[in-house]
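*Asks:* Model the following, please.
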Amino acid sequence: MNIEEYRKKNNDELKQELNKLVKERFNLRIQRGSGLNPKPHLFSINKKNIARIKTILNEKKIDGK
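*Replies:* Model (predicted):
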């Protein structure tokens, strides 16, 4: 998902998406630790998406005040 798609969502949808991505990151780490080799590019994509959502939530919080 790109940043414009995230900007169209409200705070509740963004928080749900953030929780989903955090769980996915955890599952990727568990897979890597158990000997399975998930695709390495998924780690960076996941990390960047989490950062995008946190940035947008912070922007909305600042703009709301």
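
*Asks:* All the helices of this protein, residue numbers only.
*Replies:* For the chain, applying DSSP state H gives helices covering 3-7, 11-33, 41-64.

*Asks:* Including mean pLDDT, could these go into CSV?
*Replies:* Listed next are the helices of the chain as CSV, based on pLDDT from 0 to 100:
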stretch, mean pLDDT
helix 3-7, 92
helix 11-33, 96
helix 41-64, 94
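
*Asks:* now these in CSV, with mean neighbour count?
*Replies:* (C-beta placed from N, C-alpha, C; glycine too.) Formatted as CSV, the helices of the chain follow (neighbours: other CB atoms under 10 Å):
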stretch, mean neighbour count
helix 3-7, 12
helix 11-33, 13
helix 41-64, 13
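
*Asks:* what's near enough to touch the spatially most central residue of the chain?
*Replies:* In the chain, the C-alpha nearest the mean C-alpha coordinate belongs to Ile50, at 2.7 Å (CA atoms, centre = their mean). Contact partners of Ile50, counting by CB atoms under 8 Å, 6 or more residues apart in numbering, are 18, 21-22, 25.

*Asks:* Please determine how far it is located from Asn58.
*Replies:* For Ile50, the distance to Asn58 equals 13 Å [CB to CB, to the nearest Å].

*Asks:* show me what contacts the nearest residue to Glu24 once chain neighbours are set aside?
*Replies:* Nearest residue to Glu24, sequence neighbours excluded (CB to CB, 6 or more residues apart in numbering): Asn46, at 5.8 Å. Contacts for Asn46 were tallied using CB under 8 Å, 6+ apart; they are 21, 24-25, 28.

*Asks:* Swap in 6 Å and give it another go.
*Replies:* Asn46 sits next to 21, 24-25 when contact means CB atoms under 6 Å, 6 or more residues apart in numbering.

*Asks:* any chance of those residues in JSON lines, plus distance to Asn37?
*Replies:* Formatted as JSON lines, those follow (distance: CB to CB, whole Å):
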{"residue": "Leu21", "distance to Asn37": "21"}
{"residue": "Glu24", "distance to Asn37": "16"}
{"residue": "Arg25", "distance to Asn37": "16"}
